[in-house]
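Engineer: My questions concern the predicted model and sequence given below.
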Amino acid sequence: MQLRLAFVVVFLISACGLGYQLVAGTTSSYLLGDSVTQFSLTIGLYLFALGIGSWLSKFVDDDTALDTARDADQRAETPVDAAEEAGAPGSDSLVRRFVQVELAVAVAGGLSALLLLLAYQSELWFRPFLYLLILIIGTLVGIEIPLLVRILRRELELKELLARVLAWDYVGALVVALAFPLFLVPRLGLARTALALGLLNAAVALWSVSLFRERLRKPGALTLQGCLVVLLLATAFSQAQRLSTLAEHGLYANEILHAETTPYQRIVVTRGQDDFQLFLNGALQFSSGDEYRYHEALVHPAFAAAAEPRRALVLGGGDGLAVREILRHPGVERVTLVDLDAAVTRLARDLPLLRELNRAALDDPRVSVINADAMQFLADDRGLYDVVVIDFPDPSSFSVGKLYTRTFYERLAARLAPDGAVTVQCTSPRQAPRTYWCIIATLEDAGFYVRPYRCGVPSFGEWGFALAALREVPVPAAVPDGTRFLDADFMRTLFVLPLDCARPPGVEPNRLATQVLVRTYEAELGS
């Protein structure tokens with residue numbers, strides 16, 4: 001029975017170890033973008049650290065066996081035989097070190113998400129701290145399995161023992177890999193997920209004390225250490241929301257009004273004296289004081305260019321602000337909003353400040369909200385739309401960059417009515433000219449006629465857009481009633497780009513297989 005329970009310990013420590021790796025990779029992706037790079041570095045460093053830990057485990061000696069062998073050597077000149085006979089693997093020292101390593105992993109891994117949020121307040125030191133933390137956790141986890149094998153090696157033949165230990169190790173990894181995105185992060189958030197894994201590690205340490213109690217000289221001291229670690233992590237778990245908010249205060253200029261972690265991103269709403277802001281993964285999405293400039297410029301040129309704009313599709317824009325502008329057009333009969341993250345569209349409906357700003361647009365009977373991947377939606381949908389408004393975040397990662405590829409725009413063209421029009425937010429033509437014109441070049445490569453344009457948004461500076469259609473369209477001018485920024489005369493000026501926003505030479509289209517846009521964005525605007 002003890003042996004079977006020991007394999008459960010293997011399962012749990014493997015699940016916790018991989019869980020900490022996923023926490024580090026996800027947190028660094030949220031804060032730094034480019035999820036491929038972050039997860040690649042995290043996995044590589046973690047596996048390297050496992051190797052370091054496995055190598056270091058050989059220096060953990062069984063002091064009880066050595067002492068017994070020394071005594072036997074004094075009594076008889078057969079030190080090797082005495083050591084083998086008296087040195088029962090898994091006696092006091094090995095078990096004690098195993099439990100202490102478990103507790104160290106519990107503290108380092110359990111607090112990892114909160115520590116990373118605190119470290120991000122210094123961009124200079126964040127990456128070194130991130131990599132150091134991964135190395136520490138990976139090294140400690142790498143020590144665990146070799147020690148446990150040594151503790152159990154008299155219970156089974158070596159080949160059978162290794163087969164079972166490694167099998168349970170891999171099963172634990174699979175279970176947490178499934179639970180992390182499907183249950184842990186959606187239900188608990190990143191900070192509480194890490195702390196829950198830390199509590200599980202501490203519980204395994206306490207359980208190991210009980211499981212191997214007969215091999216320990218002073219189990220009470222280890223039990224006390226384990227209880228203190230559980231108390232620390234349980235306190236942090238109960239205060240995780242407050243601690244996360246305190247850790248993030250240094251990242252934002254204003255008071256944090258709302259913060260949550262979803263399977264897709266970190267959502268933070270801050271409130272200043274006269275306005276409030278929405279951040280996704282630390283990047284500003286809008287400020288309520290000037291968002292009307294951005295959303296009027298994003299929406300209304302497409303409606304002015306489309307022949308009979310009755311059916312509208314919004315891709316991204318889960319905050320409902322683009323939908324608000326669409327509903328200004330009296331001829332609109334149906335609006336379909338597709339946003340990946342249900343938490344964003346829920347916030348647009350439930351957060352009073354945001355609901356007031358978007359004028360409860362998502363509750364309008366003409367509006368349908370679909371929480372799905374936009375690329376898959378275009379592949380599955382069979383409808384035609386007169387106007388498509390694309391309001392995705394900037395292409396800072398490959399998961400977002402795919403929504404700016406030729407493949408995506410070709411799927412978009414199949415869903416656009418022949419006399420319809422599309423508008424796309426394209427980042428800043430002044431701060432990131434190659435990024436901006438790469439998006440334009442990709443639309444053209446997919447068969448669209450494109451008119452680049454821009455407007456000034458105080459929170460962002462000079463911001464760029466694209467008006468695209470399957471036919472040549474004149475510079476649009478019509479504007480609906482109720483706008484605060486655009487009128488017919490001023491809309492025409494948006495399509496005059498200054499010299500410092502001119503198209504640079506050698507800009508390539510963005511394709512799914514190459515994703516040059518993400519690398520270009522990182523070079524121009526990345527951290």
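Structural biologist: Thanks, I have the structure now.
Engineer: how about the nearest residue to residue 344, chain neighbours excluded?
Structural biologist: residue 318 (3.6 Å; CB to CB, 6 or more residues apart in numbering). (C-beta placed from N, C-alpha, C; glycine too.)
Engineer: what sits against that neighbour?
Structural biologist: Under the criterion of CB atoms under 8 Å, 6 or more residues apart in numbering, the contact partners of residue 318 comprise 337, 339, 341, 344, 345, 347, 348.
Engineer: for residue 103, same thing?
Structural biologist: Residues counted as contacts of residue 103 (CB under 8 Å, 6+ apart) are 201, 202, 205, 225, 226, 229.
Engineer: Quick check on residue 455: phi, psi?
Structural biologist: Note on residue 455: its backbone torsions stand at phi -150, psi 160 [degrees, to the nearest 10].
Engineer: quick one: secondary structure of the nearest residue to it once chain neighbours are set aside?
Structural biologist: Counting by CB to CB, 6+ apart, residue 455 lies nearest to residue 297, which is 4.3 Å off, once chain neighbours are set aside. When the structure is reduced to helix, strand and coil (DSSP: H, G, I helix; E, B strand; the rest coil), residue 297 reads as helix.
Engineer: Can you get me a residue count around residue 297?
Structural biologist: By other CB atoms under 10 Å, the residues close to residue 297 number 25.
Engineer: So it sits against residue 483, correct?
Structural biologist: No. Under the criterion of CB atoms under 8 Å, residue 297 lies out of contact with residue 483, with a separation of 10.1 Å.
Engineer: Excluding chain neighbours, what is closest to residue 131?
Structural biologist: Computed as CB to CB, 6+ apart, the closest residue to residue 131 that is not its neighbour in sequence is residue 45, at 5.9 Å.
Engineer: Local confidence estimate at that neighbour?
Structural biologist: pLDDT recorded at residue 45 is 93.
Engineer: Strands of this structure, start to end?
Structural biologist: Defined through DSSP state E, the strands belonging to the chain, from first to last, are 255-261, 266-271, 276-280, 283-287, 311-316, 334-338, 367-370, 385-391, 416-425, 449-457, 461-469.
Engineer: could you redo those as a markdown table and give each row mean pLDDT and mean neighbour count?
Structural biologist: Supplementary listing: the strands of the chain in a markdown table, determined by pLDDT from 0 to 100; neighbours: other CB atoms under 10 Å:
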| stretch | mean pLDDT | mean neighbour count |
| --- | --- | --- |
| strand 255-261 | 86 | 17 |
| strand 266-271 | 91 | 21 |
| strand 276-280 | 94 | 22 |
| strand 283-287 | 92 | 19 |
| strand 311-316 | 97 | 25 |
| strand 334-338 | 98 | 22 |
| strand 367-370 | 97 | 17 |
| strand 385-391 | 97 | 26 |
| strand 416-425 | 97 | 23 |
| strand 449-457 | 96 | 20 |
| strand 461-469 | 96 | 22 |
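Engineer: so can I have TSV of those showing distance to residue 30?
Structural biologist: As requested, the strands of the chain are arranged in TSV below (distance: least, CB to CB, whole Å):
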stretch	distance to residue 30
strand 255-261	8
strand 266-271	5
strand 276-280	9
strand 283-287	10
strand 311-316	18
strand 334-338	22
strand 367-370	24
strand 385-391	20
strand 416-425	21
strand 449-457	24
strand 461-469	23
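Engineer: Identify whichever of those lies nearest to residue 194.
Structural biologist: With respect to residue 194, and counting by CB to CB, the nearest of those is strand 255-261 at 11.0 Å.
Engineer: on that earlier part again, quick one: which of the contacts of residue 318 is nearest to residue 261?
Structural biologist: When the contacts of residue 318 are ranked by distance to residue 261 (CB to CB), residue 341 comes first, at 11.0 Å.
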